[in-house]
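Asker: task: produce atomic coordinates for the following.
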Amino acid sequence: MTDLRESLTLAGYYPDLVGDVLDVALGGEEVVAHLVHPETTFDRTEVRRHVTVLVLTPTRLVLAHVDDHPADSEHPSSSASATTESVPLRHMHTVALTHVVPVPERHVPGTAPTEITLALGWGAVRRVDLEPATCGDPSCEADHGYTGTVAPDDVVVRVSAEAEGTAAVTAAVDFARALSQATTATR
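Answerer: Numbering: from 1, shown residues only. All right, here's what the predicted structure looks like:
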């Protein structure tokens, strides 16, 4: 867990808190690979921080999500909430990767993409996208109901070289490779 602790410290987002909640969730199981993804969002009045940590063990994918909550009129001091989830590898349905590569005709094999989106699904959460159905006749005013798609949406992590740096994208690709290999081995 030393490399994981170093990554948590480097992320700089409550590393001791995140390390403690992960320690409980891991239950002493070996860390095979990990991905620490800190995010900062801005709105008009405040800055919010969040970290998502994905940890691969020989048998499970352990996730941690930590958010901070600023002080307000009802809560005089700031707080953080940390949630962990453990998913047996045999329950993983999908490991979807989207690689964004600029100027693809000049891509050099082995070069990291400029962005990667890692979408993992094990059936706990599904996203439903609906839209009005049509019949193809532009003058038709009949109600054709709805059409749509159902997609797994358990966790999605997007890492961009522009925002987080090339090393972060490479780390995400390495984690995705390890997770893909582990989920293939459990089938």
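Asker: contact partners for Glu164?
Answerer: His37 (CB atoms under 8 Å, 6 or more residues apart in numbering). No exception for glycine: its C-beta is placed from N, CA and C like everyone else's.
Asker: how about Val169?
Answerer: Ala112, Pro113, Thr114, Glu115, Ile116, Val159, Ser160, Ala161.
Asker: any idea how far Leu10 is from it?
Answerer: 15 Å (CB to CB, to the nearest Å).
Asker: same question, Gly110
Answerer: From Gly110 across to Leu10, the span is 24 Å (CB to CB).
Asker: can you check Arg158 too?
Answerer: Relative to Leu10, and taking CB to CB, Arg158 is found at 19 Å.
Asker: among the two, which residue is more densely surrounded?
Answerer: Arg158 (16 against 11; other CB atoms under 10 Å).
Asker: if I look at the closest residue to that one other than its chain neighbours, how far off is Thr94?
Answerer: Using CB to CB, 6 or more residues apart in numbering and skipping residues adjacent in sequence, the residue nearest Arg158 is Thr117, 4.6 Å away. Here Thr117 is placed at a distance of 13 Å from Thr94 (CB to CB).
Asker: could you do Pro113 as well?
Answerer: On the measure of CB to CB, Pro113 and Thr94 end up 19 Å apart.
Asker: in terms of neighbours, single out the busier of those two.
Answerer: Neighbours of Pro113 and Thr94, each counted by other CB under 10 Å, are more numerous for Pro113; the result is 21 against 13.
Asker: wait, the more buried one touches His99, no?
Answerer: Yes. Using CB atoms under 8 Å, Pro113 is in contact with His99, at 4.1 Å.
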